[in-house]
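Trainee: Generate a structure from the sequence data that follows.
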Amino acid sequence: MSSAPLPERLRFAEFTLDRLPNGRCRARVGLTWKDSEQFTGEGEGLASQAGELRCSAQACVVALGQAVQGGLSFELLGVKAVRAFDATVIIVSLAVHGEGPGSGQRVVGSYLTETDTPRGAALAVLNATNRILGNRLFMR
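Mentor: Residues are numbered from 1 along each chain as shown. Here you go, the predicted model:
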(Lines give C-alpha, C1' and ligand atoms only; values in the text may rest on other atoms or scores of the structure.)
Protein backbone atom coordinates (compact mmCIF):
# COMPACT_ATOMS: atom_id res chain seq x y z
CA MET A 1 0.00 0.00 0.00
CA SER A 2 1.49 3.33 -1.10
CA SER A 3 1.52 6.32 1.22
CA ALA A 4 2.25 8.89 -1.48
CA PRO A 5 0.68 12.28 -0.76
CA LEU A 6 -2.49 13.09 -2.63
CA PRO A 7 -2.27 15.91 -5.17
CA GLU A 8 -3.56 19.20 -3.88
CA ARG A 9 -6.80 20.60 -5.20
CA LEU A 10 -8.70 23.83 -4.87
CA ARG A 11 -10.76 23.93 -1.71
CA PHE A 12 -13.95 25.85 -1.02
CA ALA A 13 -13.11 28.18 1.88
CA GLU A 14 -15.65 30.98 2.07
CA PHE A 15 -19.10 31.92 0.83
CA THR A 16 -21.24 34.96 1.53
CA LEU A 17 -24.40 36.20 -0.12
CA ASP A 18 -25.72 39.67 0.62
CA ARG A 19 -29.20 40.73 -0.42
CA LEU A 20 -28.99 44.45 -1.14
CA PRO A 21 -31.78 47.00 -0.52
CA ASN A 22 -31.94 47.86 -4.24
CA GLY A 23 -33.30 44.41 -5.17
CA ARG A 24 -29.92 42.98 -6.14
CA CYS A 25 -27.58 40.50 -4.51
CA ARG A 26 -23.82 40.17 -4.20
CA ALA A 27 -21.99 36.85 -3.72
CA ARG A 28 -18.41 36.32 -2.64
CA VAL A 29 -16.59 33.00 -3.00
CA GLY A 30 -13.19 32.22 -1.54
CA LEU A 31 -11.04 29.29 -2.69
CA THR A 32 -7.71 28.11 -1.28
CA TRP A 33 -4.91 26.00 -2.69
CA LYS A 34 -2.21 24.42 -0.52
CA ASP A 35 -3.61 26.40 2.44
CA SER A 36 -1.44 29.35 1.42
CA GLU A 37 -2.83 30.70 -1.85
CA GLN A 38 -6.25 32.34 -1.77
CA PHE A 39 -8.50 33.32 -4.65
CA THR A 40 -11.65 35.42 -4.29
CA GLY A 41 -14.42 36.04 -6.76
CA GLU A 42 -17.50 38.24 -6.63
CA GLY A 43 -20.69 38.29 -8.62
CA GLU A 44 -23.74 40.51 -8.63
CA GLY A 45 -27.26 39.91 -9.88
CA LEU A 46 -30.95 40.17 -9.18
CA ALA A 47 -32.17 39.13 -5.74
CA SER A 48 -34.44 36.38 -7.03
CA GLN A 49 -34.03 32.62 -6.70
CA ALA A 50 -32.57 32.30 -10.21
CA GLY A 51 -30.56 35.52 -9.85
CA GLU A 52 -28.95 34.39 -6.59
CA LEU A 53 -27.96 31.04 -8.13
CA ARG A 54 -26.37 32.73 -11.14
CA CYS A 55 -24.65 35.39 -9.02
CA SER A 56 -23.15 32.73 -6.72
CA ALA A 57 -22.02 30.49 -9.57
CA GLN A 58 -20.46 33.47 -11.38
CA ALA A 59 -18.51 34.45 -8.24
CA CYS A 60 -16.98 30.96 -8.18
CA VAL A 61 -16.12 31.21 -11.90
CA VAL A 62 -14.27 34.49 -11.21
CA ALA A 63 -12.30 32.88 -8.36
CA LEU A 64 -11.40 29.93 -10.61
CA GLY A 65 -10.13 32.35 -13.25
CA GLN A 66 -7.72 33.81 -10.71
CA ALA A 67 -6.57 30.33 -9.68
CA VAL A 68 -5.64 29.16 -13.19
CA GLN A 69 -3.81 32.41 -14.04
CA GLY A 70 -4.60 32.35 -17.74
CA GLY A 71 -4.38 29.50 -20.21
CA LEU A 72 -7.91 28.41 -19.35
CA SER A 73 -11.07 30.43 -19.02
CA PHE A 74 -14.51 29.44 -17.85
CA GLU A 75 -17.87 30.75 -19.01
CA LEU A 76 -21.04 30.11 -17.03
CA LEU A 77 -23.66 28.88 -19.50
CA GLY A 78 -26.44 28.11 -17.06
CA VAL A 79 -27.45 27.19 -13.55
CA LYS A 80 -30.65 25.56 -12.38
CA ALA A 81 -32.17 24.16 -9.20
CA VAL A 82 -34.10 20.93 -9.73
CA ARG A 83 -36.15 19.05 -7.16
CA ALA A 84 -35.15 15.37 -7.31
CA PHE A 85 -34.72 12.48 -4.90
CA ASP A 86 -36.49 14.41 -2.11
CA ALA A 87 -33.78 17.09 -2.24
CA THR A 88 -32.71 20.05 -4.34
CA VAL A 89 -30.00 19.42 -6.93
CA ILE A 90 -28.14 22.42 -8.29
CA ILE A 91 -26.83 21.84 -11.82
CA VAL A 92 -24.40 24.13 -13.63
CA SER A 93 -23.11 24.09 -17.19
CA LEU A 94 -19.78 25.71 -18.09
CA ALA A 95 -17.79 26.26 -21.26
CA VAL A 96 -14.05 25.76 -20.89
CA HIS A 97 -11.85 27.71 -23.29
CA GLY A 98 -8.09 27.47 -23.54
CA GLU A 99 -5.04 26.06 -25.22
CA GLY A 100 -4.43 22.41 -26.00
CA PRO A 101 -6.49 19.42 -24.83
CA GLY A 102 -9.75 20.25 -23.14
CA SER A 103 -10.17 23.44 -25.10
CA GLY A 104 -13.66 24.34 -26.18
CA GLN A 105 -15.42 21.70 -24.13
CA ARG A 106 -18.49 21.89 -21.94
CA VAL A 107 -18.61 20.53 -18.42
CA VAL A 108 -21.49 19.95 -16.04
CA GLY A 109 -21.43 19.87 -12.25
CA SER A 110 -23.99 19.31 -9.56
CA TYR A 111 -24.45 19.67 -5.83
CA LEU A 112 -27.15 18.17 -3.62
CA THR A 113 -28.52 20.58 -0.99
CA GLU A 114 -31.50 21.09 1.26
CA THR A 115 -31.04 24.57 2.63
CA ASP A 116 -28.51 26.89 0.97
CA THR A 117 -29.06 26.77 -2.79
CA PRO A 118 -26.85 29.79 -3.65
CA ARG A 119 -23.89 28.18 -1.84
CA GLY A 120 -24.74 24.95 -3.67
CA ALA A 121 -24.45 26.77 -7.01
CA ALA A 122 -20.87 27.82 -6.19
CA LEU A 123 -19.99 24.29 -5.09
CA ALA A 124 -21.52 22.84 -8.28
CA VAL A 125 -19.12 25.03 -10.31
CA LEU A 126 -16.20 23.68 -8.33
CA ASN A 127 -17.46 20.11 -8.83
CA ALA A 128 -17.74 20.70 -12.58
CA THR A 129 -14.13 21.82 -12.88
CA ASN A 130 -12.19 19.75 -10.36
CA ARG A 131 -11.06 17.09 -12.86
CA ILE A 132 -9.83 19.70 -15.33
CA LEU A 133 -8.09 21.77 -12.67
CA GLY A 134 -6.56 18.92 -10.68
CA ASN A 135 -3.77 18.20 -13.15
CA ARG A 136 -3.30 21.84 -14.15
CA LEU A 137 -2.73 23.09 -10.61
CA PHE A 138 -0.67 20.09 -9.60
CA MET A 139 1.80 20.79 -12.43
CA ARG A 140 2.40 24.41 -11.29
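Trainee: Return the distance of the residue lying closest to Leu20 once chain neighbours are set aside relative to Val89.
Mentor: Using CB to CB, 6 or more residues apart in numbering and skipping residues adjacent in sequence, the residue nearest Leu20 is Arg26, 6.3 Å away. Where C-beta positions appear, they are placed from N, C-alpha and C, glycine not excepted. Distance of Arg26 to Val89, computed by CB to CB, to the nearest Å: 25 Å.
Trainee: picking that back up, which ones are touching the residue nearest to Leu20?
Mentor: Arg26 makes contact with Leu17, Asp18, Leu20, Glu42, Gly43, Glu44, Cys55, according to CB atoms under 8 Å, 6 or more residues apart in numbering.
Trainee: Check Leu64 too.
Mentor: Neighbouring residues of Leu64 by CB under 8 Å, 6+ apart: Leu10, Leu31, Phe39, Gly41, Phe74, Val125, Leu126, Thr129, Leu133.
Trainee: and if you look at Leu17?
Mentor: Leu17 touches Cys25, Arg26, Ala27, Arg28, Glu52, Cys55, Ser56, Pro118, Arg119, counting by CB under 8 Å, 6+ apart.
Trainee: For it, give me the pLDDT.
Mentor: Looking at Leu17, its pLDDT reads 96.
Trainee: Walk me through which strands the helix or strand hosting Ala81 pairs with, and which way each runs.
Mentor: Assigned by DSSP states H and E, Ala81 belongs to strand 72-84. Here strand 72-84 has these sheet partners by DSSP bridges: strand 87-98 (antiparallel).
Trainee: Give me the distance between the strand it pairs with and the centre of its chain.
Mentor: How far strand 87-98 lies from its chain's middle: 8 Å, per CA atoms, centre = their mean, to the nearest Å.
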